[in-house]
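Trainee: this one's structure only:
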């Protein structure tokens, strides 16, 4: 899960940087929102996934009690549709920009 989130974040940061949509060193959530502002991903979807970097940090660095993380992680693993949806939006945008 953490690796999948990191991949989403890397794509957002790369695109936001390459398109000058954000300032370097802003939060990773801001890179996600920058893509939604540029209509690369829908605004509603950007709002939905902007918490991914923080969730990844909680998983990797154990910021919150293990019980909460274990339950939240389990629930998240039951539905991976956001990753599929993100991929579709990015691929659609790439093909439109050719």
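Mentor: Thanks, I have it. Bear in mind the structure is a predicted one, so any value in this text is a computation, not a measurement.
Trainee: Just give the number of residues close to residue 79.
Mentor: Applying other Cβ atoms under 10 Å, we find 9 other residues in the vicinity of residue 79. Heads up, the C-betas are built off the backbone N, CA and C, glycines and all.
Trainee: Secondary structure element for it, which one?
Mentor: Assigned by DSSP states H and E, residue 79 belongs to no helix or strand.
Trainee: Against residue 87, how distant is it?
Mentor: Remark: distance between residue 79 and residue 87 (Cβ to Cβ, to the nearest Å) = 15 Å.
Trainee: Repeat that for residue 39.
Mentor: For residue 39, the distance to residue 87 - Cβ to Cβ - is 17 Å.
Trainee: taking the mean pLDDT, what do you get for whatever helix or strand residue 59 lives in?
Mentor: According to DSSP H and E, residue 59 maps onto helix 52-61. Taken as a whole, helix 52-61 has a mean pLDDT of 83.
Trainee: Now it: buried residues?
Mentor: Under the neighbour-count criterion of 16 or more other Cβ atoms under 10 Å, helix 52-61 has 52, 53, 55, 56, 58, 59 buried.
Trainee: Using TSV, lay out those residues together with distance to residue 19.
Mentor: Shown next, in TSV, are the buried residues of helix 52-61 (distance: Cβ to Cβ, whole Å):
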residue	distance to residue 19
52	20
53	19
55	25
56	23
58	29
59	29
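Trainee: Where does pLDDT dip in the protein?
Mentor: 24-25, 62-70, 72-73 (pLDDT under 70).
Trainee: go again using 80 as the cut-off
Mentor: In the predicted model, the chain carries pLDDT under 80 at residues 23-26, 58-79, 98.
Trainee: Leaving out the residues flanking it, which one is nearest to residue 36?
Mentor: Nearest non-adjacent residue to residue 36, counting by Cβ to Cβ, 6 or more residues apart in numbering: residue 46, 2.8 Å away.
Trainee: Now do the contacts for the one you found.
Mentor: Counting by Cβ atoms under 8 Å, 6 or more residues apart in numbering, residue 46 makes contact with 32, 33, 35, 36, 37.
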